[in-house]
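In: Quick check, what structure comes out for this input:
(chains A and B)
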Amino acid sequence: QVQLVESGGGVVQPGGSLRLSCAASGFIFSNYGIHWVRQAPGKGLEWVAFIHDDGRDPYYVDSAKGRFTISRDNSKNTVYLQMNSLRPEDMAMYYCANLRPGEHDIDYWGQGTLVTVSS
Amino acid sequence: DVVMTQSPLSLPVTLGQPASISCRSSQSLVYRDGNTYLNWYQQRPGQSPRRLIYKVSNRDSGVPDRFSGSGSGTDFTLKISRVEAEDVGVYYCMQGTHWPPYTFGQGTKLEIK
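Out: Alright, predicted model coming up:
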């Protein structure tokens, strides 16, 4: 079955960096773009970033541009989110997801990894 | 960016009674291919989001038929015909027409009275 497993979250000071990983299985990874979506504690969902199946032309939410970098290694079925210059408002559960808004049953989320930004 | 506005934000419902959640977008969600990429998600406490409805009114596999979606253009509705205890959680609409970014509504918290 499809699995997305995030890792790499933790506690970091403001201005620090973290690299999140998302390991995928159960589908042909190199055929799908992958998203990162975050959820601040007690808040709603916010789309963060996307990378195409072949790694070209990533997209970012405005607040992440210049600070976050999404990348992928199709040989390892893994997507990464490098987060630099972290701010308190980046504190959230980060989910990786395979989202296809127009396709039946193609909508998969990981369990999330928690990023805490605090001094 | 497209702004998604849900109402109500809190929805207390008696077991067995119907429930309805509204979602409005700041611009039409009809894409150039004629499809409308408006999805509904359920997030139960402590769980990841789960999609219920895609393209306004299509249920994903395993979604009970008491859930239905409707609407067009900028106005959309998620209805639960008879609320059950397992329906407790937060419901989000999400647009995938004008992206990036995908945008979500603020969420509607459904609880049992």
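In: Report how many residues lie close to B:Leu9.
Out: 12 (other CB atoms under 10 Å in any protein chain shown). Every residue, glycine included, has its C-beta placed from N, CA and C.
In: now B:Ser26
Out: 14.
In: Now do the helix or strand containing B:Cys93: everything it contacts.
Out: Using DSSP states H and E, B:Cys93 sits within strand B:89-95. With contact meaning CB atoms under 8 Å, 6 or more residues apart in numbering or on different chains, strand B:89-95 is reached by A:44-45, A:101, B:2, B:4, B:6, B:21, B:23, B:25, B:29, B:37-45, B:47, B:49, B:76, B:78, B:102-105, B:107-110.
In: Please enumerate the strands of the chain.
Out: Since no chain was named, I'll use chain A. All strands of chain A, identified by DSSP state E, fall at A:3-7, A:10-12, A:18-25, A:34-39, A:45-51, A:59-60, A:68-73, A:78-83, A:92-99, A:107-109, A:113-117.
In: you looked at the wrong chain, it should be chain B
Out: With DSSP E as the criterion, chain B has strands spanning B:4-7, B:10-13, B:19-25, B:38-43, B:50-54, B:58-59, B:67-72, B:75-80, B:89-95, B:103-104, B:108-112.
In: Find me the pLDDT at A:Ile106, would you?
Out: Looking at A:Ile106, its pLDDT is 89.
In: B:Asn39 is in contact with that one, correct?
Out: No - contact criterion CB atoms under 8 Å: A:Ile106 and B:Asn39 do not qualify, at 11.4 Å.
In: Of these two, which one has the most company?
Out: B:Asn39 (27 against 16).
In: Would you mind measuring from that one to A:Ala64?
Out: 22 Å (CB to CB, to the nearest Å).
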